[in-house]
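1. the sequence and its predicted three-dimensional model are supplied below.
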Amino acid sequence: MDSLPKSRLLRFVERAMVLSRRAVARFSTRYFRKRFTLRQHVVLLCLKVKKTTTYRDLVDELIEMPRIRDALELDSIPAPSTLCKAFDRLEMAVWRVLLNISLADLPLNGIIGIDPSGFERAHASTHYTKRTNLTIRQLKTTLLVDTAIDAVLDIHVTTTRKHDTQIAPQVVKRNVDSIEVLIGDKGYDDQNLRQLTRDHGIRPLIKHREFSSLHTAWNARLDSDLYHRRNMNETVNAAIKQKYGAFVRSRRWWKQFRELVIKCVVHNIEQTLTLFRPS
């Protein structure tokens, strides 16, 4: 069995295990039941998102995955309720640490795009929503994306209609050491945001809303090749939605936030596997 080539799924699990060892301890407390480790829980939850499956189906598939179980160092298979409780117990801070660590071996270039998107808070077909006149509220997500390798540096999630210029400063402040150029569309046209980036040594490449000929002239002088790298944000948004779903399964808002961060972690791991293919 060991002589067989590794599947991408096995490489994903092995990479996720490496990251989980850096992000979390084996057990949360000395009184933690030692049947499964926190690291195993983290990887299994990432695997669930990657496969866009349910807890029950994931556990069922693990029965037929001996190499995956070996990579996870699983002596037994957890019950679906065990994974569900692990998701509730693992705090957002753990997933944010994992998101940061997922970037550790990637060649970031500091040219960062910022762009909002939306994820549905329920999974329903377009036909059903039109027939019932149902309006599905969306989570507004803002991604910071490295335009060289399409990796997600950070994510901001809100249930409100907060304007982009109110969200961006918070996200930028959390990532000042990773940003050299910040690329944004006209939705981020705000002098306070531009000043904030300059104060931290970041070059703002943000289009102006054109209220006068002066604004038009400023936009004409933008580095168009660099600015068009902002399209990578749309590519990453589309890729995450296509691969891992444009909706969240969780019902409570704090679980929905965690679920979206995990989607970004999984995306970054996949980008690492793409960049460092085995020879």
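-> Nice, I can see it. Residues are numbered from 1 along each chain as shown.
2. lowest-pLDDT helix or strand in this protein?
-> helix 126-132 (a mean of 55; mean pLDDT, DSSP states H and E).
3. now do whatever helix or strand comes next after that one, average pLDDT.
-> Going down the chain from helix 126-132, the next helix or strand is strand 138-146, by DSSP states H and E. Strand 138-146 shows a mean pLDDT of 93.
4. for residue 87, see how far away residue 4 is.
-> Remark: distance between residue 4 and residue 87 (Cβ to Cβ, to the nearest Å) = 32 Å. Just so you know, the C-beta spots here come from the backbone N, C-alpha and C atoms, and that holds for glycine as well.
5. neighbour count: these two, which is higher?
-> Shown here are residue 4 and residue 87; by other Cβ atoms under 10 Å, residue 87 has more neighbours (19 against 8).
6. grab the nearest non-local neighbour of the more buried one.
-> Residue nearest to residue 87 in three dimensions, not counting chain neighbours: residue 45, with 5.7 Å by Cβ to Cβ, 6 or more residues apart in numbering.
7. what helix or strand is the one you found on?
-> helix 38-50.
8. before we move on, which element is the nearest residue to residue 6 once chain neighbours are set aside in?
-> Nearest residue to residue 6, sequence neighbours excluded (Cβ to Cβ, 6+ apart): residue 278, at 7.1 Å. Residue 278 is part of no helix or strand when elements are defined by DSSP H and E.
9. check whether residue 278 really touches residue 7, as I assumed.
-> No - counting by Cβ atoms under 8 Å, residue 278 does not reach residue 7; the two are 11.1 Å apart.
10. can you give me the helices for the chain?
-> With helices called from DSSP state H, the chain shows them at 8-23, 38-50, 55-62, 66-72, 80-89, 92-101, 126-132, 164-174, 191-199, 213-220, 224-227, 231-244, 253-275.
11. could you dump those into JSON lines with distance to residue 206 added?
-> Shown next, in JSON lines, are the helices of the chain (distance: least, Cβ to Cβ, whole Å):
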{"stretch": "helix 8-23", "distance to residue 206": "33"}
{"stretch": "helix 38-50", "distance to residue 206": "32"}
{"stretch": "helix 55-62", "distance to residue 206": "42"}
{"stretch": "helix 66-72", "distance to residue 206": "44"}
{"stretch": "helix 80-89", "distance to residue 206": "37"}
{"stretch": "helix 92-101", "distance to residue 206": "24"}
{"stretch": "helix 126-132", "distance to residue 206": "34"}
{"stretch": "helix 164-174", "distance to residue 206": "9"}
{"stretch": "helix 191-199", "distance to residue 206": "7"}
{"stretch": "helix 213-220", "distance to residue 206": "10"}
{"stretch": "helix 224-227", "distance to residue 206": "9"}
{"stretch": "helix 231-244", "distance to residue 206": "13"}
{"stretch": "helix 253-275", "distance to residue 206": "23"}
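12. least confident of those, on average?
-> Among the helices of the chain, helix 126-132 carries the lowest mean pLDDT, a mean of 55.
13. distance-wise, check residue 239 relative to residue 213.
-> Looking at residue 239 against residue 213, where the rule is Cβ to Cβ, the gap reads 39 Å.
14. look at these two and report which has more neighbours.
-> Between residue 239 and residue 213, residue 239 has the larger neighbour count (other Cβ under 10 Å), namely 14 against 8.
15. now do the closest residue to the more buried one other than its chain neighbours against residue 157, distance only.
-> With sequence-adjacent residues excluded and distances taken as Cβ to Cβ, 6+ apart, residue 239 is closest to residue 267, at 6.9 Å. Distance from residue 267 to residue 157, counting by Cβ to Cβ: 15 Å.
16. look at these two and report which has more neighbours.
-> The residue with more neighbours, out of residue 267 and residue 157, is residue 267; 24 against 20, by other Cβ under 10 Å.
17. please identify the deepest-packed of the helices of the chain.
-> Stretch with highest mean neighbour count among the helices of the chain: helix 38-50 (a mean of 23; mean count of other Cβ atoms under 10 Å).
18. for it, packing partners?
-> With contacts taken as 3 or more Cβ pairs under 8 Å, 6 or more residues apart in numbering; DSSP states H and E, helix 38-50 sits against helix 8-23, helix 55-62, helix 66-72, helix 80-89, helix 231-244, helix 253-275.
19. so who does residue 10 touch?
-> Residues counted as contacts of residue 10 (Cβ atoms under 8 Å, 6 or more residues apart in numbering) are 67, 68, 71.
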